[in-house]
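K.L.:
fold the following for me, if possible:
(one chain, ligands or ions: 1)
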Amino acid sequence: MKFKLVIAAACMASSMSLLAQEVTYRNQVKPMIQKLCAECHGDGAPTLAEFKLAEEKYKKEKLGPNTSTYENLLQIIAYTDTGAFMRRLDDGTNTADKKPGNMYKYLGETEQNLAHAFRDAEQDNAVLLIDEVDSFLQNRESATRSWEVSQVNELLQQMERFDGIFICATNLFDQIDAAALRRFAFKIAFKALLPEQRIKLFVQEALDGIEGELNTTMRNRLLRLDNLAPGDFAVVKRQAMLLGEVLPPSDFLAELESECRLKPGVNKQAMGFLH
Ligand code: HEC
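P.N.:
This is a model prediction of the structure:
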């Protein structure tokens with residue numbers, strides 16, 4: 001039973017050529033576990049017994065039972081059984097519901113998905129857009145997990161190879177990896193609306209395009225909304241749609257004001273960039 005796990009785990013992480021070699025804990029399994037699992041199952045992680053006593057607490061801390069030594073690893077296999085271990089690492093091929101196991105992502109699922117996205121875009125001659133890219137391109141200096149770093153590396157490599165238009169968007173510009181930023185030919189900040197743009201958009205969206213309906217109070221209130229963005233209009237429109245109401249202009253304006261109040265500091269402005 002132990003032997004089966006060792007082979008299975010090693011095959012899933014590495015190329016099939018391993019099958020031809022002799023697989024040992026020390027040569028293949030230990031390095032693999034150290035690389036992919038140690039951050040949450042490593043030296044700082046609880047023993048299986050400790051883990052079982054306070055499972056919820058450890059889950060919240062993203063810590064699983066310790067697998068940093070052979071003895072600890074065997075405890076888990078013996079305790080839960082090999083099947084449970086393998087199911088967690090499965091890519092979906094061997095599970096009943098065809099869903100990948102919850103540890104599978106640490107075997108490079110994201111990297112594979114990224115590679116597929118780039119390949120498909122190139123084949124279809126499509127523009128590739130990644131929204132909220134901060135989750136992939138976060139600053140490697142502040143990354144605490146090796147898989148966070150490997151995601152950034154993978155994305156950068158794919159970008160280098162990609163022969164097409166690649167666009168990313170984020171609200172957390174400050175957190176993007178500096179080396180990654182250099183690879184984008186254009187960085188475009190979408191700033192808040194200018195006073196005359198605010199008024200124009202408000203007339204269009206809240207006053208049916210009738211400029212004469214804009215009174216001085218409304219105009220003055222709009223002039224104060226320095227961080228108003230087109231997205232705020234979209235949010236208010238969506239709220240009205242969900243409630244099945246047509247908002248009177250003063251309510252529309254009040255909702256815009258409350259959207260603006262909720263916003264974090266001005267330096268958190270939305271940003272788009274192009275490669
Ligand atoms: C980001 C943190 C993280 C990484 C990386 C990670 N795990 Fe886990 N693992 C957890 C957490 C948290 C639990 C406990 C919660 C749960 O069962 O999902 C857990 C539970 C497990 C369990 C079940 C233990 C039990 O008896 O309940 C196994 C088996 C396991 N992980 C294997 C692995 C393997 C193998 C790797 C490396 C390929 C890995 N994990 C990578 C966080 C992680």
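K.L.:
OK, contacts around the residue in the stretch 51-200 of the chain that the ligand sits nearest to?
P.N.:
Closest approach of the stretch 51-200 of the chain to the ligand (Cβ to the nearest ligand atom) occurs at residue 64, with a separation of 2.7 Å. (C-beta placed from N, C-alpha, C; glycine too.) Shown in contact with residue 64 (Cβ atoms under 8 Å, 6 or more residues apart in numbering): 37, 40-41, 45, 51, 58.
K.L.:
quick check: closest non-adjacent residue to residue 103.
P.N.:
residue 88 (4.1 Å; Cβ to Cβ, 6 or more residues apart in numbering).
K.L.:
that should have said residue 249, apologies.
P.N.:
Spatial nearest neighbour of residue 249, chain neighbours left out: residue 206 (4.7 Å); criterion: Cβ to Cβ, 6+ apart.
K.L.:
what's the nearest residue to residue 138 if we skip its chain neighbours?
P.N.:
Residue 138 sits nearest to residue 175 (Cβ to Cβ, 6+ apart), 5.3 Å away.
K.L.:
I'd assumed the residue nearest to residue 103 was in a strand, is it?
P.N.:
No: assigned with DSSP: H, G, I helix; E, B strand; the rest coil, residue 88 falls outside any strand and is helix.
K.L.:
can you verify my assumption that it contacts residue 100?
P.N.:
No: between residue 88 and residue 100 there is no contact under Cβ atoms under 8 Å: 9.2 Å.
K.L.:
flag every residue of the stretch 1-150 of the chain that's near the ligand.
P.N.:
36-37, 39-41, 59, 62-65, 76, 79-80, 85, 88-89, 102-103, 106-107 (Cβ under 6 Å from any ligand atom).
K.L.:
of those residues, keep whichever come out buried.
P.N.:
36-37, 39-41, 63-65, 76, 85, 88-89, 103, 106-107 (16 or more other Cβ atoms under 10 Å).
K.L.:
which members of those residues occur in helices, if any?
P.N.:
Counting by DSSP state H, these place 36, 39-41, 76, 85, 88-89 in helices.
K.L.:
need the three-state assignment for residue 115.
P.N.:
Going by three-state DSSP: residue 115 is helix.
K.L.:
break this protein down into its domains, please.
P.N.:
2-107, 109-184, 195-266 (automatic domain parsing).
K.L.:
contacting residues for residue 140?
P.N.:
Residue 140 neighbours (Cβ under 8 Å, 6+ apart): 148-149, 152, 177, 179.
K.L.:
what about 10 Å?
P.N.:
Going by Cβ atoms under 10 Å, 6 or more residues apart in numbering, residue 140 touches 148-153, 156, 177-180.
K.L.:
can you report phi and psi for it?
P.N.:
Backbone geometry at residue 140, expressed as degrees, to the nearest 10, gives phi -70, psi -20.
K.L.:
from the ligand, how far out is the nearest residue to residue 207 once chain neighbours are set aside?
P.N.:
Excluding its sequence neighbours, the residue lying closest to residue 207 (Cβ to Cβ, 6+ apart) is residue 213, at 4.4 Å. Residue 213 sits 55 Å away from the ligand, going by Cβ to the nearest ligand atom, to the nearest Å.
K.L.:
now do the end-to-end distance for stretch 168-187.
P.N.:
9 Å (Cα to Cα, to the nearest Å).
K.L.:
SS state for the residue of the chain most remote from its centre?
P.N.:
Centroid-distance maximum for the chain: residue 212 at 45.6 Å, with Cα atoms, centre = their mean. At residue 212 the chain is in helix, as set by three-state DSSP.
K.L.:
surely it and residue 203 touch.
P.N.:
Yes: Residue 212 is within contact range of residue 203, at 9.3 Å (criterion: Cβ atoms under 10 Å).
K.L.:
all helices for this structure, in order.
P.N.:
With DSSP H as the criterion, the chain has helices spanning 2-13, 30-36, 38-41, 48-53, 55-60, 70-80, 82-89, 109-123, 146-161, 178-182, 195-206, 216-224, 230-243, 249-261.
K.L.:
any low-confidence regions in the stretch 101-250 of the chain?
P.N.:
Within the stretch 101-250 of the chain, the stretches with pLDDT under 70 are 104-109, 143-148.
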